[in-house]
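Peer 1: this is a predicted model, with the sequence first.
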Amino acid sequence: MESKKITTCLLIVYLLALAWIILFKMEFSFENLPHIRNINLIPFGDSAITNGTVDLDEIIWNLLAFIPFGIFTGMLSDGKSLVMAAVPVFLTSLAFEVIQFIFSIGASDITDILMNTAGGVAGTGCFVLLSKVLKSRANKIVNIICLAGAVLMFSFIGIILFANI
């Protein structure tokens, strides 16, 4: 039970960091946010193409950014199916894209939703594999790694804030 509380807290920290990255573009001021209201409903369409070639970097970063979300949902889902573990990832990604569109703070793109969800599914799959290898220690080990990551992230943000004062 204690492990689930720690996992939930780490998930909240992760989601706040993810919102800062996706919605606020790692800016500390609303004035510096881009004022774009664009929507792309064609998967891997115009938004994924830069200078006539597919921008794989953004697609891969979207996938990678949501792998931890999948790991957390895997840890908290108590053996539910992969599809059920992916639903919160999909809904969160959809919410981010809708918020970007409503507040005109970024381009909303179906490709982002697809890749974010794929990252979540990959993360859940990773946790399933970890739990088979590490057995009952999986949650504890993943929580320790995520806690260390959270400390590093807050240290990095603190350094950025201090450097910009």
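Peer 2: Cool, got the structure.

Peer 1: what's in contact with the strand or helix carrying residue 93?
Peer 2: Per DSSP states H and E: residue 93 is located in helix 82-102. The contact list for helix 82-102 (CB atoms under 8 Å, 6 or more residues apart in numbering) reads 15, 18-19, 22-23, 37, 39, 66, 69-70, 73-74, 77, 105-109, 112-113, 116-117, 119-121, 123-125, 128. No exception for glycine: its C-beta is placed from N, CA and C like everyone else's.

Peer 1: among those residues, which are located in helices?
Peer 2: Per DSSP state H, helices hold the following members of these: 15, 18-19, 22, 69-70, 73-74, 112-113, 116-117, 119-121, 123-125, 128.

Peer 1: how about the residue nearest the centre of the chain, what does it touch?
Peer 2: Nearest to the geometric centre of the chain sits residue 66, at 3.4 Å (CA atoms, centre = their mean). Residues in contact with residue 66 (CB under 8 Å, 6+ apart) are 18, 89, 93, 115, 116, 117, 118, 119, 120, 123.

Peer 1: equivalent analysis for residue 73, please.
Peer 2: Contact analysis of residue 73 by CB under 8 Å, 6+ apart lists 85, 86, 88, 89, 120, 123, 124.

Peer 1: mind checking pLDDT for the closest residue in space to the fourth one that isn't next to it in sequence?
Peer 2: It refers to residue 89. Leaving aside its sequence neighbours, residue 89 sits nearest to residue 120 (CB to CB, 6 or more residues apart in numbering; 2.9 Å). Looking at residue 120, its pLDDT stands at 94.

Peer 1: just give me the neighbour total for residue 120.
Peer 2: Residues within reach of residue 120, counting by other CB atoms under 10 Å, total 30.

Peer 1: OK, contacts around it?
Peer 2: Neighbour list for residue 120: 66, 67, 69, 70, 73, 85, 86, 88, 89, 90, 93 [criterion: CB under 8 Å, 6+ apart].

Peer 1: 10 Å - rerun?
Peer 2: 63, 65-74, 82, 85-90, 92-93 (CB atoms under 10 Å, 6 or more residues apart in numbering).

Peer 1: equivalent analysis for residue 106, please.
Peer 2: Contacts of residue 106 (CB under 10 Å, 6+ apart): 22-25, 33-38, 96-97, 99-100, 112.

Peer 1: just the buried ones from those?
Peer 2: Burial by neighbour count, judged by 16 or more other CB atoms under 10 Å, picks out 22, 23, 33, 96, 97, 100, 112 from those.

Peer 1: noted, bye for now.
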